[in-house]
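**Student:** Model the structure of this input:
(one chain, ligands or ions: 1)
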Amino acid sequence: MRKQVAYLGPKGTYAEKAAHILSKLANFQTPIFVPCNGLHSVIKSLAYNICDAAVVPIENSVEGGVTATLDSLWKFPEIFINKAIVLPIKHALISDGELSNISEVLSHPQALAQCSEWLSENLPNAIPLPTNSTSEAVNMVKGSKFRAAIGSKSLIQIEGLKELAFPINDVPGNCTRFVLLSKESNSNLANIASFAFSLISNKPGALLKAINYIADFGFNMSKIESRPSKRELGEYIIYIDLEINNQNNIANFLELKNKLEPLCNNLVDFGSYFSKNIELN
Ligand SMILES: O=C(O)C(=O)Cc1ccccc1
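**Tutor:** Numbering: from 1, shown residues only. Take a look at the predicted model:
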């Protein structure tokens, strides 16, 4: 059966590019790509079985964790990460007008943040306006001489607009990890295991005890970050990525999880999966 893959649309987003690459890596045969108009609706379309899979950004090299994705993985424990890619992100400034006339810059909040230094140096008086996605921003600047959008160069051809500047991201190595989510967990080939937990006790050394177990098993931790539990001020969920390799394999990870579980109110395993770095030309 053809898989329905939800992604942040409309067409032309970085997420769409990621959805195509990830569906190919997952061997989906002629998938149906379903554009959604916000990260929450992408995840809901999988959670409520409207789609079979969803592609979302989870982490950016400059801006850090994508909170809507992290919160959703905790909220919907039946959703698993199946695959990941790290996509280079190079932004262009796109418009119908001239640089000197631009007074408003539209884009996805991540893109605005990733270009904030460039904007303050080159368009110090322009007002940043957040949109649901980069391609939505490009659609909204069509026909305007004073609005510009930040998005991928490929949007220029689609929309017939002009490139005013490229690249405009503040950090040359700017990249985002996108994940393919579904309701099935796969653990065949993996180089990352991702999970999150909330601790039972809020006392000195509680987190250290959990981290010590990870160290005792010899796992290399490639990410640790916390998000508010949203139940009580000062109560946190800890998100962790571990490197999976020959020495520290999935069987070891399952053992580690058994050790950690008694320390936790809740522990959600997001899955073990392979993450691949993609080079674009
Ligand atoms: O709006 C898009 O094109 C997205 O895919 C979200 C996004 C925006 C900026 C960097 C990475 C992902």
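
**Student:** so what's the residue nearest to the spatial centre of the chain up against?
**Tutor:** Geometric centre of the chain, nearest residue: Pro57, 1.6 Å, by CA atoms, centre = their mean. Residues near Pro57 by CB atoms under 8 Å, 6 or more residues apart in numbering: 8, 14-15, 18, 39, 66, 69, 110, 176-178. The C-beta positions use only the backbone N, C-alpha and C, and glycine is treated the same way.

**Student:** how near is it to the ligand?
**Tutor:** Distance, Pro57 to the ligand, by CB to the nearest ligand atom, to the nearest Å: 5 Å.

**Student:** again, but for Leu155
**Tutor:** Here Leu155 is placed at a distance of 9 Å from the ligand (CB to the nearest ligand atom).

**Student:** thought that residue was touching Glu136?
**Tutor:** No - using CB atoms under 8 Å, Leu155 is not in contact with Glu136; the gap is 10.5 Å.

**Student:** Quick one: name the residues of this structure near the ligand.
**Tutor:** Within the chain, the residues that sit near the ligand (CB under 6 Å from any ligand atom) are 8, 13-15, 57, 89, 108, 110-111, 133-134, 176.

**Student:** let's see it at 8 Å
**Tutor:** Within the chain, the positions lying close to the ligand (CB under 8 Å from any ligand atom) are 7-8, 12-16, 18, 57, 60, 87, 89, 91, 107-108, 110-111, 114, 131-137, 151-152, 174, 176, 178.

**Student:** In helices, which of these fall?
**Tutor:** Per DSSP state H, helices hold the following members of those: 14-16, 18, 110-111, 114, 134-137.

**Student:** any chance of those in JSON lines, plus pLDDT and neighbour count?
**Tutor:** Below are these laid out as JSON lines (pLDDT from 0 to 100; neighbours: other CB atoms under 10 Å):
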{"residue": "Tyr14", "pLDDT": "97", "neighbour count": "26"}
{"residue": "Ala15", "pLDDT": "97", "neighbour count": "28"}
{"residue": "Glu16", "pLDDT": "97", "neighbour count": "23"}
{"residue": "Ala18", "pLDDT": "98", "neighbour count": "25"}
{"residue": "Gln110", "pLDDT": "94", "neighbour count": "22"}
{"residue": "Ala111", "pLDDT": "96", "neighbour count": "29"}
{"residue": "Gln114", "pLDDT": "96", "neighbour count": "25"}
{"residue": "Thr134", "pLDDT": "96", "neighbour count": "29"}
{"residue": "Ser135", "pLDDT": "96", "neighbour count": "28"}
{"residue": "Glu136", "pLDDT": "96", "neighbour count": "21"}
{"residue": "Ala137", "pLDDT": "97", "neighbour count": "26"}
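
**Student:** Right, I'll leave it there.
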